[in-house]
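K.L.:
sequence first, predicted model second:
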Amino acid sequence: MADDVITTLTSAQFRHEDRLQKALHQDPFHVQRGDRGTFVQQIQDALVLLEVIPADFLPTAESGPGFYGDKTVEAVLKFKGPPRNILGPGQVRPDGIVGKKTMAQLEREMRKWEAAHPRPGPVPTGDPVFQDIVVRMLGFDPRDAKAGQESTDGAPAINVPDVEALRKMIDTPAYLKGHKPVVIINFNGGGGRANPGSDPTTKATDKVVAELEAALKAGADMGMIVVYGYSIGGRNALTVTRAIAGRKLADGTALKAGYVGLIDAAFDNPADPELRGSAGATGGDSIYQSASNKLRDDPDFAGLEHHAWIQGTTDTDLAKSGSYERQLAEFLRSGRSVKALKMRAGFALFDTLHAAAVRDGHGRVQQKIVKMLTE
C-alpha cells in the first residue's frame, strides 16, 4: 500500500465533502453503517470507479439516497481486504468502517484514477468555481399550450417570481466570488390525467446534464443541483430528481440532486407509483395542504387531486399551521345539501386552499434554497 502522507483531500471526488475531510483526521467522523448523505454517495461512487464493485452491486435502497447499509459495508470490506490489508491498531481483520487510513487510501487511488481519466477541456486553476443549477417545475394551466415544455418566463405560475427575480436573489457579489452565475432551468408541469404525453422529466434531466457538461468544459466544478416544483410540477420535481440520480456525465461522474422541494405536489390518486420509494435527493421538503384531501372521503368530491407526503423528505402539513382546516370545517358544517351546489363550492374551496398552499410553500422552499446556495 502506498505510504505517501495524505493531509487533505484534493481529488475532485472528495475535496468538496467536509465530512470526508474530517474523517481523514478525526475518529468521531468515521463513516460507518447507518450514515446517510452525499459523503456516503461519494465513497460508494469511488468504489465503483476504482472497480472494487460493479456499478449494479449496491441496491437502490443504498445507492439512491447514499445510505451506508449492509452492501456498502461489504464493499468497504472488499476494499480494505487483500491486497490493501487496511487494519487499525490491534486488528487482525478489516472492519466495515471508513476511518482515517481507509479515507487516505481512497484518496490516493482516486488521485491516480483521475490522472488517468482527465476531464475534457481546460483544467481548472486557482480556487474552485462552482456551477449550481436550480430546476423549477411549475404548475400546469390547461389553457396553456406549453405543458411539459421549457419556459423562459415562468408562465403560467401561481405566486412564483420570474426567473430573473430569483437569479438576482442568488447571484449576489459574495456568491459570485466562488461561483459561476447560477443556471436556472424552468419547465411547465405536465403529465397525469390532465395532459398525458407531456411529462417533462426526460427533457428537464437532459437539460441538467447538458448544462453541467458545458460548465465542466469551461473549467467549472460541479456545485449543487436543486429541484423544486408545485402542483403537477411537484410531481415532476420528484420524477426529475430520481432521473438525475440515475445519470452520469461523460467523465463518469455520478449525479445526484442535493435538495428537492415538493410544494403541494398533485398526484392523480394515493396509489400513484411515484409516491413509493425515496425522493431521490440528499435532502428535501414535502410541503402540502391536506385539508381538501379530507373531501375525498365524501362521494360528492370523488376525483379531487391527492396531495401527499413523499417518503425521504421533511414533512410539513400547511393545514396544521394556517386557516385551511377552519375553512374546510366551516364549509362542511354549512349544511349545503344540494349536491350540485356542494360540488361547486367544494371545488372552489379546493382551488383556494391549493393557491394558498402554493404561495406559503413556495415562500418557504425558495427561501431555503437561496440560503442553501448563498451561505
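P.N.:
Thanks, I have it.
K.L.:
next helix or strand past the least confident helix or strand in the chain by mean pLDDT?
P.N.:
Counting by mean pLDDT, DSSP states H and E, the weakest-scoring helix or strand in the chain turns out to be helix 324-332, with a mean of 69. Beyond helix 324-332 in the direction of the C-terminus, DSSP states H and E gives the next helix or strand as helix 339-374.
K.L.:
pLDDT on that next one, on average?
P.N.:
When pLDDT is averaged along helix 339-374, the result is 81.
K.L.:
what residues of that helix count as buried?
P.N.:
By neighbour count, with 16 or more other CB atoms under 10 Å as the criterion, the buried positions of helix 339-374 are 342-343, 346, 349-350, 353-362, 365-366, 368-370, 373. Just so you know, the C-beta spots here come from the backbone N, C-alpha and C atoms, and that holds for glycine as well.
K.L.:
which residue ranges make up the domains of the protein?
P.N.:
Dividing the chain into domains by automatic domain parsing, as the record does, gives the ranges 18-116, 130-374.
K.L.:
what about the last one, how long is it end to end?
P.N.:
Spelled out, it's domain 130-374. Distance between the boundary residues of domain 130-374 (CA to CA, to the nearest Å) amounts to 12 Å.
K.L.:
how about residue 259, secondary structure?
P.N.:
The three-state label for residue 259, taken from DSSP: H, G, I helix; E, B strand; the rest coil, comes out as strand.
K.L.:
now it, which residues is it bridged with?
P.N.:
When assigned by DSSP bridges, residue 259 has beta-bridge partners residue 226, residue 283.
K.L.:
please apply the same query to residue 186.
P.N.:
Beta-bridge pairing for residue 186 (DSSP bridges): residue 136.
K.L.:
run a quick neighbour tally on it.
P.N.:
22 (other CB atoms under 10 Å).
K.L.:
so it touches residue 149, yeah?
P.N.:
No. Shown here, residue 186 and residue 149 do not form a contact pair, counting by CB atoms under 8 Å, at 10.0 Å.
K.L.:
just so I have it, where are all the helices in the stretch 101-250 of the chain?
P.N.:
When assigned using DSSP state H, counting those that start in this stretch, the helices of the stretch 101-250 of the chain occupy the ranges 163-170, 173-176, 201-217, 232-245.
K.L.:
tell me what the shortest one is packed against?
P.N.:
Put plainly, it is helix 173-176. Under the contact criterion of 3 or more CB pairs under 8 Å, 6 or more residues apart in numbering; DSSP states H and E, helix 173-176 touches helix 339-374.
K.L.:
elements contacting the helix it packs on?
P.N.:
With contacts defined as 3+ CB pairs under 8 Å, 6+ apart, the packing partners of helix 339-374 are strand 130-138, helix 163-170, helix 173-176, strand 221-230, strand 257-263, strand 281-288, helix 324-332.
K.L.:
still on that earlier bit, so for residue 23, which of the helices of the stretch 101-250 of the chain sits nearest?
P.N.:
Ranking those by distance to residue 23, with CB to CB as the measure, places helix 232-245 first at 23.1 Å.
K.L.:
may I have the closest one as CSV, with CA atoms only?
P.N.:
Presented in CSV, the C-alpha positions along helix 232-245 are these (Å, rounded to 0.1, in the frame of the first residue of the first chain):
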residue,chain,number,x,y,z
ILE,A,232,-48.3,18.8,-11.0
GLY,A,233,-44.8,20.4,-11.2
GLY,A,234,-44.2,19.0,-7.7
ARG,A,235,-44.8,15.5,-9.0
ASN,A,236,-42.5,16.3,-11.9
ALA,A,237,-39.8,17.5,-9.5
LEU,A,238,-39.9,14.1,-7.9
THR,A,239,-39.5,12.3,-11.1
VAL,A,240,-36.7,14.6,-12.2
THR,A,241,-34.7,14.1,-9.0
ARG,A,242,-34.9,10.4,-9.4
ALA,A,243,-33.9,10.6,-13.1
ILE,A,244,-30.9,12.8,-12.2
ALA,A,245,-29.8,10.2,-9.7
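K.L.:
what's the average pLDDT for it?
P.N.:
Confidence over helix 232-245 (mean pLDDT, whole number) is 92.
K.L.:
and for stretch 29-47?
P.N.:
If you average the pLDDT values across stretch 29-47, you get 88.
K.L.:
separation between the closest residue to residue 69 other than its chain neighbours and residue 249?
P.N.:
Using CB to CB, 6 or more residues apart in numbering and skipping the chain neighbours, the partner closest in space to residue 69 is residue 62 (4.5 Å). Residue 62 is 22 Å from residue 249, where distance means CB to CB, to the nearest Å.
K.L.:
so for these two, which residue has more residues nearby?
P.N.:
A direct count of neighbours by other CB under 10 Å for residue 62 and residue 249 places residue 62 higher, at 21 against 14.
K.L.:
OK, contacts around the more buried one?
P.N.:
44, 68, 69, 71, 72 (CB atoms under 8 Å, 6 or more residues apart in numbering).
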